[in-house]
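S.K.: sequence and predicted model, in that order:
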Amino acid sequence: MTTENGNSSWKVKTLALGAVIGALTGLGAAYLLVRRAEQKGEPLAITSSQGLRLGMLVVGLLRQIARFGEE
């Protein structure tokens, strides 16, 4: 897979690595939520406000990652 500017395999590798890191991070977060629910002896319940807060944190993280190379 090449482009006019040369080899673009670094793009594929970066996307694949990002997908793996994202999947592992999501799996780790889910594991922590399940473990906490089990320790409390209650089923997992996330309110809409907690979901919104988590979504805003993820958006903030993505914005920071997007700005990573600008410094």
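M.R.: That came through fine.

S.K.: which is the succeeding secondary structure element to the lengthiest helix in the chain?
M.R.: When the chain is parsed with DSSP state H, its longest helix is helix 9-40. Counting by DSSP states H and E, the next helix or strand C-terminal to helix 9-40 is helix 48-66.

S.K.: pLDDT of that next one, averaged?
M.R.: The average of the pLDDT scores along helix 48-66 is 94.

S.K.: quick one: that helix to helix 9-40, angle?
M.R.: Using axes from the mean of the first three to the mean of the last three CA atoms, to 10 degrees, the inter-axis angle of helix 48-66 relative to helix 9-40 is 150 degrees.

S.K.: and the closest residue to A45 other than its chain neighbours, how many neighbours?
M.R.: Nearest non-adjacent residue to A45, counting by CB to CB, 6 or more residues apart in numbering: A37, 8.0 Å away. Where you see a C-beta, it was placed from the backbone N, CA and C, and this is true even at glycine. Neighbours of A37 under the rule other CB atoms under 10 Å: 14.

S.K.: next one: A16
M.R.: 10.

S.K.: what's the local residue count around A66?
M.R.: Counted with other CB under 10 Å, residues neighbouring A66 total 9.

S.K.: what's the distance between it and T25?
M.R.: Distance of A66 to T25, given as CB to CB, to the nearest Å: 17 Å.
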